[in-house]
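Asks: What would the 3D arrangement of this be:
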Amino acid sequence: MLEGLIKRHPDGFGFFIPDDKEIPDVYVPQHAMKSAMTNDRATITVEKERDGRLRGEIIRITERAQKRVAGKFTRVSDNWGIIKDEGRGWGKDLRIPLDKSKNAKDGELVEAQITQFPDEGNFEGEVLSIIGDASDPLNDIKRIVIGSNIPEHFSKETLAEASVFDKNPSEKDFKGRKDLRDLPIITIDGATAKDFDDAVFVEMTDRGFHLYVAIADVSHYVKVGSSMDKEAYERGTSVYFPNFVIPMLPEGLSNGLCSLNPHVPRLALVADMHFDFTGEMTASTFYEGVIESKARVTYGEAQELIDGSEIEKLDHVKSTIFHCADLAKVLMAKRFKEGSLDLEVPETELVIDGAGNPVDVIRSERLFAHRLIEELMLAANVAVAKFLAKQEIPAFYRVHEVPDGEKISNLQKYMENLGYKAQLEGGKLQKRLTRALQEFSGKPESQIIHILTLRSMSQAKYTPNNLGHFGLGFDFYTHFTSPIRRYPDLIVHRLLKNRILKNSSYNLMSEEDLTTAGTWLSACEQRSAKAERQIQAIKKARFMQNLIGESFEGLISSVTKFGVFVLLREFNIDGLIRLDDLGSDKWEFDEETLTLIAKRSGFKYQMGDTIRVTVSMVDIEQGQINFVREKSASESTAKAHSSTKGSHKAKSKGFDKRSESKGEKFSGGRGKKDKYSFKEKGARKSGAPEAKKGKKKYSDESYESRPQRSARHQHSEKSYQKDPYQKPESENKSATSQIRSISSLVKNFTERSNSSSSERSESGRDYTPKPRYASLSDYLDQRKKGPNDEAKSESKPAFRSTENRKNSEKRRSSENDSGGVRKARSQKSGRGHKSR
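Replies: From the prediction side, this is the model:
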């Protein structure tokens, strides 16, 4: 028998994840699932089938993971109501006695407590609270937070503990600390950031670079065993949604006392490092310090300075920024040379209005300023990991294991289908993957290759076993730089202090305790990421609901046996074309080539193909979007012609529509594989107004996937850029012009409004967020207008230039822990993102 976690599939079967990581996951058929729900702990028996696969049966459920649920209440009788299992994650609908329903009305969103699980009889519960109208966008996050079991409110004990601290540290707190308040140390962060984990300073030496990375000393205030500590551990991480955050620590600490705010003294744990001119670390030391940030610099401002602009208010720290940039370039070059993967997938962000409605979907911009901070944080994380490894104590690492061989083999087969002949296996895999990615660079398949490579990666996790970090190419790596919003970093701070201070108040943890913590905190991270993805999906579905019936060009991002997923180029939103909506032919799925093949016509759907689709349906509650394939002009003409002939036949001897549909032919091929720009501005329909080129504005948004930084700083200004996969304009213009919809033209423009002086930098650069439309109705109104109508409008919005930025660094780095390597984004190597 085995102990472990259950993951329930919507179709009823599930997978068992053993506690013993040496044992592979076990398939559990539907009849053997009993009443298990996702993340329940269970004991199972296992049998090996003839093909070698493991099949399990649940013997007993030892711990229930979900005791609170949120859903739509429906009255079904005079005595009962139900909360329907819409997501099919419970296995049964939850019955609610009416006398325990708090008089909930049909269709209302409620929070319920499960009082009786199905293995004990009926699946029953009681309503704890009525959230409100299920269709209200403001209730989206509440539903997901409850369903994800994410703690939202702090206890009275925790708030009381947080309230005893002063707003600033006192002189007695400085005792025994190194005073760095005279250093021109700075923070570089997003324009709307409030919790500053890290500050940096770099100076040049005759042998290279001297780097100070000062990290908020959260462990000084949050003591082991305190109520604050217990709740922080339970949360594991801060959770970032659009316009909303659930912090790991009370606001007084996260945005106040612990945050490295400018011009006030703050306690810090400092990584003090020296590098030679090749980027090799020659020395490192760690100590408690006192700092005072001399400037709160935004990413956009840092980029402006690096590109040669002048910002008067930052003159006193300009040299610091330049030296940081110089060191970051050296570190980045060294890292990629040694095999660190550089994966990129376009990232989008939602602009949400006050009513919770998505009014725009825009692309985050990657600046070198993001990479700058990321590289310095990576260096600090590596230095701490190496130091702890030398102490011969149980330590806490961030590990990313080598990808599964079968996944790499499948990736190899797909690349071979696209003409790539070199082998991925053998030698250093990171370097072979890098060469493959470079081979596809600039080709239509490039984005799909990046996506498939990410999917082939393993899941990063926390553990006391140092297994290295495959994606980053590091032998030693940990998370040290974000203790305000990540509990693993707090553990690392305590371990580090135990060694450098020899202070027994910062106790070491046993390997067993660290293993338990690693499992829990990795699960918290995944819980947070899943909740953030769910909200993104729901808001995107709400956005597309208003575009049902509209057609867009897309890219096939995934092919399955039940249909194809298409990524819309205009919004970077994907949806499903179900098999039944692909045409009347019968389809076969080729798992090796990830292709759907029509039996009669031979028509193929393959990842990377371009296709025009029409939005047909959305399911807001599940965050699902459905498309139907838009037929080509020649196909539609042929069908119309044959329908006309059929109507004449029908008058005399009847018309068999089925025979007509069987004769339908696809216009064939893999689709036009022109390169494209996600926010392309170069191609316009005839008669469209010329673009007005304004001064380039840099985004102060962090380069994060997901979730944490992107939601956290979502209001910073976006400026759009050419897609990295786009052809030169001369090659692409004519093809794109023919397919560009009016909606694409409308999205070339952005409404600008005057901002208050407090929202502008002293240099006059405006970093305030500017959604292109005040509401979705404005966007829909513009779709109805032709481009010339908009040009004649009295309040014509300004056009955002997409000219390539001069002197800026455009390479994207990344690491996705749900796939391994993905956008380090502003993660600052752990800094802005929960990954890495």
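Asks: give me the low-pLDDT residue ranges for this protein?
Replies: Within the chain, the ranges that satisfy pLDDT under 70 run 120-121, 426-427, 632-836.
Asks: Got the domain ranges for it?
Replies: What automatic domain parsing lists as the domains of the chain is 2-63, 68-134, 156-403+458-534+815-827, 405-456, 542-648+656-662.
Asks: Find the one among these with the highest mean neighbour count.
Replies: Mean neighbour count (mean count of other Cβ atoms under 10 Å) peaks for domain 156-403+458-534+815-827 among those, with a mean of 21. Where C-beta positions appear, they are placed from N, C-alpha and C, glycine not excepted.
Asks: Thought residue 604 was touching residue 597, still the case?
Replies: Yes: shown here, residue 597 and residue 604 form a contact pair, counting by Cβ atoms under 8 Å, at 5.4 Å.
Asks: I'd like the domains of the chain laid out as TSV, including distance to residue 143.
Replies: Below are the domains of the chain laid out as TSV (distance: least, Cβ to Cβ, whole Å):
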stretch	distance to residue 143
domain 2-63	16
domain 68-134	4
domain 156-403+458-534+815-827	9
domain 405-456	28
domain 542-648+656-662	8
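Asks: closest to residue 150 out of these?
Replies: Closest to residue 150 of the domains of the chain is domain 156-403+458-534+815-827 (Cβ to Cβ; 5.9 Å).
Asks: Run the chain-centre distance for the closest one.
Replies: Computed by Cα atoms, centre = their mean, to the nearest Å, the chain-centroid distance of domain 156-403+458-534+815-827 equals 18 Å.
Asks: just to revisit the earlier point, residue 145 is nearest to which of the domains of the chain?
Replies: The nearest among those, by Cβ to Cβ, is domain 156-403+458-534+815-827 at 6.9 Å.
Asks: Tell me which helix or strand residue 543 sits in.
Replies: In this assignment (DSSP states H and E), residue 543 forms part of helix 511-545.
Asks: Provide the secondary structure category for residue 39.
Replies: Assigned with DSSP: H, G, I helix; E, B strand; the rest coil, residue 39 falls in the coil class.
Asks: so it makes contact with residue 65?
Replies: Yes: between residue 39 and residue 65 there is a contact at 3.6 Å, judged by Cβ under 8 Å.
Asks: Name the SS class of residue 52, please.
Replies: Residue 52 is classified as coil under three-state DSSP.
Asks: Could you report the separation of it from residue 22?
Replies: For residue 52, the distance to residue 22 equals 16 Å [Cβ to Cβ, to the nearest Å].
Asks: One more: residue 71?
Replies: 38 Å.
Asks: And the helices in the stretch 551-700 of the chain?
Replies: According to DSSP state H, counting those that start in this stretch, the stretch 551-700 of the chain carries its helices in the segments 633-653, 657-662.
Asks: ok, now which ones touch residue 554?
Replies: Shown in contact with residue 554 (Cβ atoms under 8 Å, 6 or more residues apart in numbering): 566-569, 574, 610-613, 627.
Asks: need the contact list for residue 234.
Replies: By Cβ under 8 Å, 6+ apart, residue 234 lies in contact with residue 151.
Asks: In which helix or strand does it reside?
Replies: Following DSSP H and E, one finds residue 234 within helix 227-235.
Asks: Parallel or antiparallel, list what pairs with the following helix or strand past that helix.
Replies: For helix 227-235, the following helix or strand on the C-terminal side (DSSP H and E) is strand 239-241. Pairing partners of strand 239-241, with direction, according to DSSP bridges: strand 244-246 (antiparallel).
Asks: Past the strand it pairs with, which element shows up next along the chain?
Replies: Counting by DSSP H and E, the element after strand 244-246 in chain order, helix or strand, is helix 251.
Asks: residue ranges of the strands in the stretch 51-200 of the chain, please?
Replies: For the stretch 51-200 of the chain, the strands defined by DSSP state E, counting those that start in this stretch occupy 54-63, 68-75, 80-83, 94-97, 108-116, 124-133, 178-179, 186-189, 198-205.
Asks: which stretch among the ones you listed comes nearest residue 621?
Replies: Comparing the strands of the stretch 51-200 of the chain under Cβ to Cβ, the one sitting nearest is strand 68-75, at 7.6 Å.
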